[in-house]
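[1] pasting a predicted model and its sequence here:
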Amino acid sequence: MEKVAIDDVETGGMGDADVRRLADPLGTSDVAVNHYTLDPGERFSGGLHTHMDQEEVFYVLSGTATFETPASESDAERASGDAAGDDEVAVDAGELIRFAPGEYQSGKNDGDEVVRALALGAPKESEDVRVPETCRDCGHENMRFIPGDDGFTLVCPECGTEVDA
Ligand SMILES: [Zn+2]
C-alpha cells in the first residue's frame, strides 16, 4: 500500500502547467496517474497527439476542460484535407472523457476558472506517441514524437526520416 498527497509531489512537465506525476510515488505497475492544475489558457499537452500504445482517461475535478478531438477523421481524410474540421468537447467537473489508443486529442483550459483534472493512462508506459504531421519523404500521415533534453525529434514510423525540432 502507498498513500500520496498530491501537494507533496513535485510539479513537473512541459510548459507552465502544474503536472504532478503520481505513478512513481504510488509505485503503480500498470497505470500512469497524473494530476493537472491548469490556469485559464494552459494546456494538458503541447498540442494534438495520440498514444498508439496507451488509452487515456481524464477525470475533471473542477472547472471545465476543453478537448479538441478530431476522432471522426480518418488518417486518409486528414492527409487529403477533406476533414470537416476539429470538434471540441467541453468536459465539466464531475465528468470523464476517454481516448482510445490512436485517437488524436489535445486538451486545454478555455474557461475562466482553474481546471483540476486527474489523467489515467494504461498501460503505464507510452513509447509510441504520434503527431499529425506528414512525412516529407514518404508522405506517411503521422510522425512519431520523441521528446529530448532540448526539444523533440519527429521520426517517420514508415521510412525512418528524422526531423529535429
Ligand atoms: Zn516517411
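    Thanks, I have the structure now.

[2] now do Ala83, the pLDDT please.
    pLDDT, Ala83: 49.

[3] list the contacts of Glu162.
    Shown in contact with Glu162 (CB atoms under 8 Å, 6 or more residues apart in numbering): Thr153, Leu154, Val155, Cys156. (Each C-beta comes from the backbone N, C-alpha and C, glycine too.)

[4] same thing with Cys156?
    Counting by CB under 8 Å, 6+ apart, the residues that Cys156 touches are Cys135, Asp137, Cys138, His140, Met143, Arg144, Glu162.

[5] same question, Glu42
    Glu42 touches Gly15, Asp16, Ala17, Lys108, Asn109, Val115, counting by CB under 8 Å, 6+ apart.

[6] could you rerun that using 10 Å?
    Gly15, Asp16, Ala17, Asp18, Tyr36, Lys108, Asn109, Val114, Val115 (CB atoms under 10 Å, 6 or more residues apart in numbering).

[7] same deal with Asp18?
    Contacts of Asp18 (CB under 10 Å, 6+ apart): Ile6, Thr11, Gly12, His35, Tyr36, Thr37, Leu38, Asp39, Glu42, Val114, Arg116.

[8] write out the residues of the protein neighbouring the ion.
    Counting by CB under 5 Å from the ion, the positions of the chain adjacent to the ion are Cys135, Asp137, Cys138, His140, Cys156, Glu158, Cys159, Thr161.

[9] got phi/psi on Leu22?
    phi -100, psi -10 (degrees, to the nearest 10).

[10] so it touches Asn34, yeah?
    Yes: if you go by CB atoms under 10 Å, Leu22 and Asn34 touch, sitting 6.6 Å apart.

[11] hmm, back to that, rank the contacts of Asp18 by pLDDT and give me only the lowest.
    Among the contacts of Asp18, Gly12 has the lowest pLDDT, at 80.

[12] if I look at that residue, how far off is the ion?
    32 Å (CB to the ion, to the nearest Å).

[13] next one: Arg43
    Taking CB to the ion, one finds Arg43 at 28 Å from the ion.

[14] kindly report the same for Gly63.
    Distance from Gly63 to the ion, by CB to the ion: 39 Å.

[15] contacting residues for that residue?
    Here Gly63 is in contact with 37-40, 91-93, 109-117 (CB under 10 Å, 6+ apart).

[16] and the nearest residue to Asp164 once chain neighbours are set aside, helix, strand or coil?
    Leaving aside its chain neighbours, Asp164 sits nearest to Thr153 (5.4 Å; criterion: CB to CB, 6 or more residues apart in numbering). Classification of Thr153 using DSSP: H, G, I helix; E, B strand; the rest coil returns strand.
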